[in-house]
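Undergrad: Give me a model of this one.
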Amino acid sequence: MKKRYVLIGTGGRAEFFYGALARDFKETGELVAFCDINETRMNYANRLLMEKYEHPAINTYMSDQFEEMIKKEKPDFAIVTTVDRTHHTYIIKALELGCNVITEKPMTVDAEKCQEIIDAVNRTGKEVRVTFNYRYAPHNTKIRELIKDGVIGDVFSVNFEWALNTRHGADYFRRWHRDKRNSGGLLVHKSTHHFDLVNFWLGSEPQKVYANGGLRFYGKENAESRGVTKFYQRAHGSENASGDPFAIQLEENDHLKAMYLDAEKEDGYQRDQSVFGDGISIEDTLGVMVTYKNKAILTYSLNAYLPWEGFIVSFNGSKGRIEVKVRERSYINAGGEKSKEGALKEKSIQVLPMFGKPYEVEIVQGIGGHGGGDPILLQDIFGTPTEDEFHRAASHVDGAMSILTGIAGNISLQTGQAVEVDDLITF
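TA: Sure thing, here's the model as predicted:
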């Protein structure tokens with residue numbers, strides 16, 4: 001019997017889910033309704049459904065009709081792809097109305113909202129799945145396999161550097177993410193992927209977190225200190241934005257124009273704000289140290305203005321070392337084909353035994369976005385599930401343990417103190 005799905009939030013990440021249901025999973029799933037604060041954006045999503053996926057238009061509901069939608073459409077699953085700070089609202093309502101939930105990462109943005117979700121799961125007995133596509137990328141799964149198999153023995157420390165470049169990294173500073181109230185900052189919105197990977201790789205959970213960092217490159221004050229004199233609030237209609245490599249011109253991309261510029265009249269949301277404007281409350285330069293319950297330590301850095309995109313991670317263990325380098329293709333959210341988001345340019349895994357000859361590990365070539373993880377994730381959530389020895393499907397507990405590292409990091413940024421993760425929530 002087909003499962004019924006509704007989707008809340010038809011912005012940049014939504015098509016990943018509704019497109020897959022309309023194109024690849026017609027036999028197992030049925031998309032029945034959209035819900036959003038913006039009718040124009042929902043109408044565009046329906047247009048894509050019809051023109052791109054040859055799927056009939058579906059019912060649309062405004063956000064204040066969410067409960068009406070659930071009661072009328074009777075979905076098995078609600079897919080939540082709204083602004084991060086509202087995830088908990090729709091997750092909890094859906095659970096209480098009898099739905100299971102599939103949510104984009106991060107599950108939510110702070111400890112209070114995280115606790116509310118945990119309590120709702122416990123109260124309703126329903127399920128929350130968090131879509132950590134990076135777990136499913138073949139190279140990341142291979143790292144988990146190597147550590148699980150004891151190739152370098154017990155892992156004592158991890159050094160993890162994630163680089164966001166001046167195309168993708170800058171994009172967080174143009175959008176709603178630039179307000180920390182919306183996204184929890186990059187330590188929550190973006191790093192949830194990375195902290196989840198470390199939890200997944202190590203098979204452990206964070207215990208203590210210390211963080212440092214700030215806004216060092218983006219923002220008006222930083223630009224002024226570098227001698228910049230021409231500023232603008234947004235790129236659209238601005239002469240000063242002409243020729244600025246950090247500006248995005250919505251009218252030059254049909255998809256972005258239809259999804260955002262044409263929809264502004266309803267909610268006032270501007271997708272093309274200046275990365276060197278005022279009002280940015282998130283950090284672009286971050287360093288974190290985490291102690292795990294298995295006594296491993298992580299040193300992590302995130303920088304959002306670099307010339308390349310990807311990550312370098314090293315694992316130091318009792319029998320040797322693993323070195324990984326992954327270079328990703330640059331992209332702007334909703335600015336191109338979904339299969340190009342996080343697509344790989346270069347990847348390598350090298351094992352350095354303590355007393356043996358170093359060797360390269362063969363990696364299966366993944367197809368699709370996020371290093372080949374996207375299609376496998378979609379099959380897992382919408383298709384017929386198969387047994388997975390690596391247990392990549394992420395529950396609300398996994399969602400919580402990933403964001404709690406970032407949430408603890410945000411508290412540490414404010415207080416200058418290390419934060420005990422177990423003090424933040426209870427299961």
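
Undergrad: Can you tell me the SS state at the nearest residue to Pro358 once chain neighbours are set aside?
TA: Nearest-residue entry for Pro358: Leu352, 4.5 Å, with adjacent residues in sequence omitted and distances by CB to CB, 6 or more residues apart in numbering. Every residue, glycine included, has its C-beta placed from N, CA and C. Leu352 falls in the strand class when you classify it by DSSP: H, G, I helix; E, B strand; the rest coil.

Undergrad: contacting residues for Leu352?
TA: Neighbour list for Leu352: 320-323, 358 [criterion: CB atoms under 8 Å, 6 or more residues apart in numbering].

Undergrad: What about these, which one has the most neighbours?
TA: Ile322 (22 neighbours; other CB atoms under 10 Å).

Undergrad: doesn't that one fall inside a helix?
TA: No. Checked against three-state DSSP, Ile322 lies outside a helix; its state is strand.

Undergrad: so where is the stretch 301-427 of the chain shaky, pLDDT-wise?
TA: 331, 333-344, 370 (pLDDT under 70).

Undergrad: go again using 50 as the cut-off
TA: 338 (pLDDT under 50).

Undergrad: What about Ile248, how many residues nearby?
TA: Neighbour tally, Ile248, other CB under 10 Å: 25.

Undergrad: ugh, wrong one, Asp422
TA: 14.

Undergrad: For the residue nearest to it when sequence neighbours are not counted, grab phi and psi.
TA: Nearest non-adjacent residue to Asp422, counting by CB to CB, 6+ apart: Gln207, 7.2 Å away. Dihedral pair for Gln207: phi -110, psi -50, per degrees, to the nearest 10.

Undergrad: Just name the closest of the contacts of Leu352 to Phe231, please.
TA: Glu323 (42.3 Å; CB to CB).

Undergrad: Contact partners for the closest one?
TA: Glu323 touches 312-314, 348-350, 352, counting by CB under 8 Å, 6+ apart.

Undergrad: just Arg123 next, same as before
TA: 95-96.

Undergrad: If you count neighbours, what's buried in stretch 367-376?
TA: Neighbour counts over stretch 367-376 (16 or more other CB atoms under 10 Å) mark 368-376 as buried.

Undergrad: try stretch 157-172
TA: In stretch 157-172, counting by 16+ other CB under 10 Å, buried: 158, 160-172.

Undergrad: can you put the residues you listed in a markdown table and add secondary structure, distance to Pro385 and pLDDT?
TA: Listed next are those as a markdown table, based on DSSP: H, G, I helix; E, B strand; the rest coil; distance: CB to CB, whole Å; pLDDT from 0 to 100:
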| residue | secondary structure | distance to Pro385 | pLDDT |
| --- | --- | --- | --- |
| Val158 | strand | 30 | 98 |
| Phe160 | strand | 30 | 98 |
| Glu161 | strand | 34 | 98 |
| Trp162 | strand | 30 | 98 |
| Ala163 | strand | 34 | 97 |
| Leu164 | strand | 33 | 97 |
| Asn165 | strand | 35 | 96 |
| Thr166 | coil | 39 | 96 |
| Arg167 | coil | 36 | 93 |
| His168 | helix | 31 | 95 |
| Gly169 | helix | 35 | 97 |
| Ala170 | helix | 38 | 97 |
| Asp171 | helix | 33 | 97 |
| Tyr172 | coil | 33 | 98 |
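
Undergrad: Include distance to Ile152 when you put the residues you listed into CSV, please.
TA: Converted to CSV, the buried residues of stretch 157-172 look like this (distance: CB to CB, whole Å):
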residue, distance to Ile152
Val158, 11
Phe160, 15
Glu161, 19
Trp162, 21
Ala163, 24
Leu164, 28
Asn165, 30
Thr166, 35
Arg167, 35
His168, 31
Gly169, 31
Ala170, 36
Asp171, 36
Tyr172, 34
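
Undergrad: Nearest to Val290 among those residues?
TA: Val158 (8.7 Å).

Undergrad: Go through stretch 277-289 and flag the buried ones.
TA: For stretch 277-289, burial by neighbour count (16+ other CB under 10 Å) applies to 277, 280, 282-286, 288-289.

Undergrad: Identify those among the buried residues of stretch 367-376 that sit within helices.
TA: Of the buried residues of stretch 367-376, the ones assigned to helices by DSSP state H are 369-376.

Undergrad: what's the spacing between stretch 189-209 and its chain's center?
TA: Offset of stretch 189-209 from its chain centre (CA atoms, centre = their mean, to the nearest Å): 13 Å.

Undergrad: So for it, mean pLDDT?
TA: Mean per-residue pLDDT for stretch 189-209: 98.

Undergrad: Endpoints of that stretch, how far apart?
TA: 17 Å (CA to CA, to the nearest Å).

Undergrad: Repeat that for stretch 128-146.
TA: Its start and end residues considered, stretch 128-146 measures 29 Å (CA to CA).

Undergrad: got the contact list for Gly213?
TA: For Gly213, the contact set (CB under 8 Å, 6+ apart) comprises 283, 285-287, 413.
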